[in-house]
Each structure stands twice: as structure tokens, then as C-alpha cells.
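1. Here is my input, please return the structure:
(one chain, ligands or ions: 3)
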Amino acid sequence: MGEETKVPRHIAIILDGNGRWAKQRRMPRGYGHIIGCQNLEHMCNVIKDRGVKYLTVYAFSTENWKRSRDEVEGLLKLFRQYLKRCMRSAKKNKMRVKIIGDPSAFPQDIQDSIRLLEDCSKDYDQMFFQIAMNYGGRDEILRGVTRMLEDAREGRLPEDGFDDGKVTEELFERYLDTAGIPDPDLLIRTSGEQRLSNYLLWQLAYTEFCFVDVPWPDFHEEELEKAIEQYNKRDRRYGGVKEE
Ligand code: IPE
Ligand code: IPE
Ligand code: MG
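-> Ligands and ions are numbered 1, 2, ... in the order given. So this is what the prediction gives:
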């Protein structure tokens, strides 16, 4: 033991397995989403109390529109309720909330709730909570490139955004939905799948990955501690060599 546990500054989570969790209980998939959503509220508090500054969760991907109409409708209903409750927890926890992804595909009332939530929490800094909704890593990169090209056409790109004629990482990152947010230190995906499903493709370049078998509705304090413990055993190198 001896050494103190390092708490990751930024944890990203792929909240997966709600449907399978419900199926195991012979319940409809939507029930899994309801309990998963309750667990998100709970775990957001737990993660804040653990001293993590940034939390980014994957709630709905650009590909999730392919699900049945019923399931998508159920998720939209849940988002409506959740965004309102999130406003209260943002105030209580002095937490800044940001939605990453393309909100323009959502019904207007959800877009309004998103704007309100982001607006009312914009001055808080005790925790930074990002919710990925209609998010896809490729979509984010393409939207960013499109905006960068617009700025280039209008002559708005800063000179210091180039190194020897090449766009710098710093300039490009300003065009991502996560601009200003440090890259995740730890990625957790629940429910056993070992893939990224189009999550934070640019930002996860040097992140430690932790795949856990429990489905999201069963991911509680104990599983979080195990993931942090695993993270502490990793030897992060960033391409360098380990010091003797
Ligand atoms: C994750 O759970 C939540 C969303 C994608 C909205 P799933 O719905 O993917 O659950 P499984 O993977 O089918 O069990
Ligand atoms: C990724 O999970 C998206 C979210 C958790 C919101 P999916 O369950 O949609 O991913 P695939 O389809 O298994 O890759
Ligand atoms: Mg899934």
C-alpha cells in the first residue's frame, strides 16, 4: 500500500446495459432506462463526493435513433424529466452542466431545457458535468471541421493556431464540443462490451480504459471504487518510458 490513491480528475462513462438489466428481470427495456437514469443521479453525487472534478456520460448516441420508436420516445420522455431534475442538482452541487452532441435533432422543448440548464449553471465550478446526447465522436469532429472551415473563409482563424502551416491540436480542440474540458483520465464502460461505440474519439487518445461486467443500473459505489483502484495500478506513459 503506502501510496495514496489518485482520484482521476476526469471520468468518462459509457452507461451501457440498461436493456439487458431489464430483460433479466422480465421487464421492458424502458424500465431499465428509468432505473439507469435514477442511478445516474445517485452516482453523479457519489462521484462528486469522491473528489472527481469532471464527469462525462454517454446518454444517447447519434446511432441510438435506430432503436424502436417506442424506446426512443421513452428515452425522450426520460430526458425531459431528467433535465429538469438536473437543474436542481446543478444548483445544489454548484455544478456546471454542459450537453455535448448535436441537440438540434431533439424536440424544441428538450432543446429549451438544455439551454436553460446550461445557462443557469454556467458560473458554477465545483464540478463539471457533461451529458452526451445525440453525440457521436465522428459527428463532433465533422461539425468542428465545418465550423473551422467557416471561420477560415471569414478570415477568423488566429495566427497562433498554426505551426509551420499545420493546424495545431489546441486550435482544433477549440472547435470540439468539449472545448476547455481536459481529456478523460479514466473511461468506464459497463455491461461487458469492449468497444467505444463512437464515444469521444479524439479525447480518449491517452485515457485508461476500464470495462466492467455489471450493467449500468447495478454500477454503484463499490464498482466505482474498484475502477479507481484499477486506474491506480496503471502505468501511464504517454509514449515515454518508465523511469527506473
Ligand atoms: C444504455 O443501455 C443506454 C442507452 C444506450 C440509451 P442500452 O439500452 O444500450 O442497454 P443494452 O446494451 O441493450 O443492454
Ligand atoms: C453506446 O451504447 C451509447 C450509449 C451508451 C448511450 P450502445 O448500446 O448504443 O452501443 P452499441 O450499439 O452496443 O455499440
Ligand atoms: Mg447497449
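2. Can you name the residues of the protein that neighbour ligand 2?
-> 14-16, 58-61, 64, 193, 195, 197 (C-beta under 6 Å from any ligand atom). To be clear about C-beta, it is placed using only N, CA and C from the backbone, and glycine gets the same treatment.
3. so of those, which ones are in strands?
-> Mapping these onto strands (DSSP state E) picks out 14, 58-61.
4. Which parts of the chain are helices?
-> 18-24, 29-49, 69-93, 108-120, 137-153, 169-173, 221-233 (DSSP state H).
5. would you list those in CSV and tack on mean neighbour count, distance to Pro215 and mean pLDDT?
-> Converted to CSV, the helices of the chain look like this (neighbours: other C-beta atoms under 10 Å; distance: least, C-beta to C-beta, whole Å; pLDDT from 0 to 100):
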stretch, mean neighbour count, distance to Pro215, mean pLDDT
helix 18-24, 19, 4, 98
helix 29-49, 18, 8, 98
helix 69-93, 15, 16, 98
helix 108-120, 15, 26, 98
helix 137-153, 15, 23, 98
helix 169-173, 14, 33, 98
helix 221-233, 15, 11, 98
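6. now for these, which one comes closest to ligand 1?
-> Within those, the stretch nearest ligand 1 is helix 18-24; the backing value is 3.0 Å (C-beta to the nearest ligand atom).
7. now what about the closest one, what contacts it?
-> Identification of contacts with helix 18-24 by C-beta atoms under 8 Å, 6 or more residues apart in numbering yields 28-33, 35-36, 191, 215-218.
8. what's the answer for stretch 39-47, then?
-> In contact with stretch 39-47 (C-beta under 8 Å, 6+ apart) are residues 11, 15, 55, 57, 59, 82, 85-86, 89, 93, 129, 216-217, 219-221, 224.
9. Kindly report the same for stretch 70-86.
-> Identification of contacts with stretch 70-86 by C-beta under 8 Å, 6+ apart yields 29-30, 33-34, 37, 40-41, 59-60, 64-65, 67, 97, 106-107, 109-110, 113-114, 117, 131, 133.
10. filter those by proximity to ligand 1?
-> Counting by C-beta under 6 Å from any ligand atom, 60, 64 from the contacts of stretch 70-86 sit close to ligand 1.
11. Can you give the distance of stretch 58-69 from its chain's centre?
-> With C-alpha atoms, centre = their mean, to the nearest Å as the basis, stretch 58-69 stands 15 Å off its chain's centre.
12. May I see the buried residues of that stretch?
-> Going by neighbour count (16 or more other C-beta atoms under 10 Å), the buried part of stretch 58-69 is 58-62, 64.
13. Can you lay out these as JSON lines showing pLDDT and distance to Asp163?
-> Formatted as JSON lines, the buried residues of stretch 58-69 follow (pLDDT from 0 to 100; distance: C-beta to C-beta, whole Å):
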{"residue": "Tyr58", "pLDDT": "98", "distance to Asp163": "32"}
{"residue": "Ala59", "pLDDT": "98", "distance to Asp163": "36"}
{"residue": "Phe60", "pLDDT": "98", "distance to Asp163": "36"}
{"residue": "Ser61", "pLDDT": "98", "distance to Asp163": "33"}
{"residue": "Thr62", "pLDDT": "98", "distance to Asp163": "31"}
{"residue": "Asn64", "pLDDT": "98", "distance to Asp163": "38"}
